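**Student:** curious how this folds, go ahead:
(one chain, ligands or ions: 1)
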Amino acid sequence: MKNYKRLLAYIRPYLKRLGLAVICIIMAAAANLYLPWIIKDMIDKVLTDKDMMMLNLISIGIVVVFLVRGIFYYGQSYLVSYIGQKVIIDVREVMFRKFQRMPMAYFDKHQTGETMSYITNDVAAIQAALVDNLIEMVTEGSILIGSIVMMLMLDWKLTLLTLVVIPLVGQAMKIFGRKLKRNGTLIQERMADITSLLQESVSSIRVVKSFVRENYEIDRFCRQNELNFQAAMQNVRLTSLLTPTVEFLAALSVTFIVWFGGYEVVNGVLTAGSLVAFLTYAVNLANPVKRLSRVYGSLQRAMAAVDRVFHVLDLPETIKDRPEAAALPATDGHVELRHVSFEYKKGVPALVDVSLEAKPGQMVAFVGPSGAGKSTIANLIPRFYDVTEGAILIDGHDIRDVTIASLRGQIGIVPQETMLFSATVRENIRYGRLDATDEEVEAAARAANADAFIRALPQGYETAVGERGLNLSGGQRQRISIARAILKNPRILILDEATSALDTESEKIVQAALDKLMEGRTSFVIAHRLSTIFDADQIFVIDGGQVKERGTHEELLKKGGLYSYLYSIQFKNAQA
Ligand SMILES: Nc1ncnc2c1ncn2[C@@H]1O[C@H](COP(=O)(O)OP(=O)(O)OP(=O)(O)O)[C@@H](O)[C@H]1O
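**Tutor:** Below is the predicted model:
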């Protein structure tokens, strides 16, 4: 319930509209309530007293009532939908902002599909709860209260009899509500599982096909699908049971009332018209009770979604600016790691006591077997993760003491796999610096050896690439990524070499672009091919999260250790 209150805070900006909506809802409900009263006058005055004037008045009354009801109905549904949509857009935006701020560690632990499901499914569930339930709750609530008031005015004894049954119905609703809430969470989770599986399966379709695991994937999907079906059916069983139960209880009350009311008319305590009007109200009472019980179920389900949304919004943002953080002044590119240790998971060290110093403009290379910790070092410098022990300093500033924006603003990263957005080539390069002119974008592309191939594309720089656009080759993507980095013009560079995935020809072009990019910048290179780092100022051989050897290419070869071993393997391969 606490979270529902928090959700209400999102409605606060729209309170005026909400007030107006509630007035519309109540007016429309009041118009509904007036109809049985008309029936009473019709029977008691027109039919019994044969009053023609009254008949005319009543007829006009009916037309007016329906007209008024229509106008207010429009008002209520427009206003409530407006508020619902606005709130959802706000919640969705807040969620998206939150995900943008979440540390990398969050994305390591959670699948993409799961994150997507929060923003799509859960937010949609809240929308349904807000718009549909809000209208229904206020409409049915006012009809319920209004009907009871009318009934009290007609015959209080009969009314009390009717109200005996309501607590019984309430009790039934409570029991079902609790079960429905539990089930609601299950359904959302099953749906998120399916989305994750789908996402994973589609994005790794290459792997699936290459291992001929289509049937395996289909089995996995079918199992999840079946679980989802079972959760949904469990919900259907509960909801379907709730409706007839409540209806039966309501019918029972009507039987009591009909008997007692008839008894009063027979004894002359009540007029026939009043009894008919009373019965109409009483029968109509079943509707709001029934609908409110349905709203209750749907609210419980929505609560599960609301809980999940706020759970996500409350997740800690472990990597954020300290309150006193200042901007990192324009750096010379002096980077130092002091006794850095790091664990992704508690108790599992990925780096142990790594120390190194890169002077401005130097090229530092990391080599070592897979899983050694090379990428981990590269992840720590832009503070994608915080060191567990030790410190990283840039120009003497601990990177945890400066703002993240000023730190990452001066670091360029060329990853192994280039991610292109669904946009034009020009926009993809401009991602490096949003205010760059067209000339600057093209100059960066030229420096990255990308200009020629881009111009040969169907629409040149305006060609759409990425998910929904043209597929580019690995080398082409890499060069766009290099152009992005050139445009950003950072003092510090982190390169995760992708050259191993390229053919010799594109490797040469990419390497030439990289060499140009590294000129005059402090560069950290994760090297997969030793041939690219012969000129490095310092080479660090990493193994098991530790620095095993350090020196230049010549020094390390002379040492005859792990580096010279790795070199001899690659050399042999190259000769073979
Ligand atoms: N996001 C992560 N969460 C948990 N553990 C991780 C994560 N990333 C890497 N590791 C672990 O940390 C260790 C170092 O990994 P890292 O990616 O730094 O190695 P690497 O030397 O770059 O390997 P490769 O050359 O294969 O990319 C490995 O044992 C790896 O399993």
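
**Student:** next SSE downstream of the strand or helix carrying residue 215?
**Tutor:** Element membership for residue 215 (DSSP states H and E) is helix 214-266. Using DSSP H and E, the helix or strand that follows helix 214-266 in sequence is helix 272-313.

**Student:** name the helix or strand for the closest residue to the ligand within the stretch 1-150 of the chain, please.
**Tutor:** Nearest residue of the stretch 1-150 of the chain to the ligand (C-beta to the nearest ligand atom) works out as residue 108 at 3.8 Å. Yep, even glycine has a C-beta here, placed from its N, CA and C like the rest. Using DSSP H and E, residue 108 sits within helix 104-109.

**Student:** summarise which helices and strands the following helix or strand past that helix is packed against.
**Tutor:** Following helix 104-109 in sequence order, the next helix or strand is helix 112-117 (DSSP H and E). For helix 112-117, the packing partners by 3 or more C-beta pairs under 8 Å, 6 or more residues apart in numbering; DSSP states H and E come out as helix 156-203.

**Student:** model confidence over the helix holding residue 108, on average?
**Tutor:** The average pLDDT for helix 104-109 rounds to 86.

**Student:** could you list the buried residues of it?
**Tutor:** For helix 104-109, a neighbour-count test (16 or more other C-beta atoms under 10 Å) marks residue 106 as buried.

**Student:** hmm, who's touching it?
**Tutor:** Applying C-beta atoms under 8 Å, 6 or more residues apart in numbering, the external contacts of helix 104-109 come out as 115, 315, 318, 319, 344, 379, 384, 385.

**Student:** just confirm the fifth one is within a helix.
**Tutor:** Read it as residue 344. No: assigned with DSSP: H, G, I helix; E, B strand; the rest coil, residue 344 falls outside any helix and is strand.

**Student:** pretty sure it sits against residue 350.
**Tutor:** Yes: using C-beta atoms under 8 Å, residue 344 is in contact with residue 350, at 5.5 Å.

**Student:** look at those two and report which has more neighbours.
**Tutor:** residue 350 (21 against 16; other C-beta atoms under 10 Å).

**Student:** am I right that the more buried one is in a strand?
**Tutor:** Yes: Residue 350 forms part of a strand when assessed by three-state DSSP.

**Student:** would you say residue 550 is within a strand?
**Tutor:** Yes: counting by three-state DSSP, residue 550 falls inside a strand.

**Student:** roughly how far does it sit from residue 367?
**Tutor:** 11 Å (C-beta to C-beta, to the nearest Å).

**Student:** who's more crowded, those two?
**Tutor:** Using other C-beta under 10 Å, the more surrounded residue of residue 550 and residue 367 is residue 367, with 25 against 17.

**Student:** ok, the closest residue to residue 45 other than its chain neighbours - contacts?
**Tutor:** Nearest non-adjacent residue to residue 45, counting by C-beta to C-beta, 6 or more residues apart in numbering: residue 54, 4.7 Å away. Shown in contact with residue 54 (C-beta under 8 Å, 6+ apart): 41, 45, 46.

**Student:** elements contacting the helix or strand hosting the first one?
**Tutor:** Put plainly, it is residue 41. Using DSSP H and E, residue 41 falls within helix 15-41. If you count contacts as 3+ C-beta pairs under 8 Å, 6+ apart, helix 15-41 packs onto helix 52-101, helix 123-154, helix 272-313.

**Student:** how far does the shortest one sit from the chain's center?
**Tutor:** Spelled out, that is helix 123-154. Relative to the centre of its chain, helix 123-154 is centred 30 Å away, using C-alpha atoms, centre = their mean, to the nearest Å.

**Student:** helices or strands up against it?
**Tutor:** For helix 123-154, the packing partners by 3+ C-beta pairs under 8 Å, 6+ apart are helix 15-41, helix 52-101, helix 156-203, helix 272-313.

**Student:** any buried residues in it, and which?
**Tutor:** 123, 125-127, 129-144, 146-148, 150-151, 154.

**Student:** by how many degrees do the helix holding residue 41 and helix 272-313 diverge?
**Tutor:** 160 degrees (axes from the mean of the first three to the mean of the last three C-alpha atoms, to 10 degrees).

**Student:** assess the claim that residue 274 and residue 154 are in contact.
**Tutor:** Yes: judged on C-beta under 8 Å, residue 274 makes contact with residue 154 at a distance of 5.1 Å.

**Student:** what touches both of those two?
**Tutor:** residue 40.

**Student:** could you measure from the residue of the stretch 201-350 of the chain found nearest the ligand over to residue 362?
**Tutor:** Among the residues of the stretch 201-350 of the chain, residue 344 lies nearest to the ligand; the distance is 3.2 Å by C-beta to the nearest ligand atom. For residue 344, the distance to residue 362 (C-beta to C-beta) stands at 28 Å.

**Student:** report pLDDT for residue 214.
**Tutor:** 87.

**Student:** how about the contacts made by the residue nearest to residue 117 when sequence neighbours are not counted?
**Tutor:** Distances taken as C-beta to C-beta, 6+ apart put residue 192 closest to residue 117, at 4.0 Å, once the chain neighbours are dropped. By C-beta under 8 Å, 6+ apart, the residues touching residue 192 are 113, 114, 117, 118, 121.

**Student:** any idea which of the residues you listed is closest to residue 306?
**Tutor:** residue 118 (11.6 Å; C-beta to C-beta).

**Student:** correct me if wrong: the closest one contacts residue 308.
**Tutor:** Yes: here residue 118 reaches residue 308: they are 6.5 Å apart, a contact under C-beta under 8 Å.

**Student:** returning to what we had before: buried residues, the helix holding residue 41. List them.
**Tutor:** 17-18, 20-22, 24-41.

**Student:** ok so, going back, could you tell me which residues touch both of residue 344 and residue 350?
**Tutor:** In contact with both residue 344 and residue 350: residue 376, using C-beta under 8 Å, 6+ apart.

**Student:** before we move on, back to that, how about the contacts of residue 192 in TSV, adding pLDDT and distance to the ligand?
**Tutor:** Output for the contacts of residue 192, formatted as TSV (pLDDT from 0 to 100; distance: C-beta to the nearest ligand atom, whole Å):
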residue	pLDDT	distance to the ligand
113	83	18
114	84	16
117	85	21
118	84	20
121	85	26
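
**Student:** thinking again about what came up before, dump the contacts of residue 54 to JSON lines, plus pLDDT.
**Tutor:** Below are those laid out as JSON lines (pLDDT from 0 to 100):
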{"residue": "41", "pLDDT": "85"}
{"residue": "45", "pLDDT": "84"}
{"residue": "46", "pLDDT": "85"}
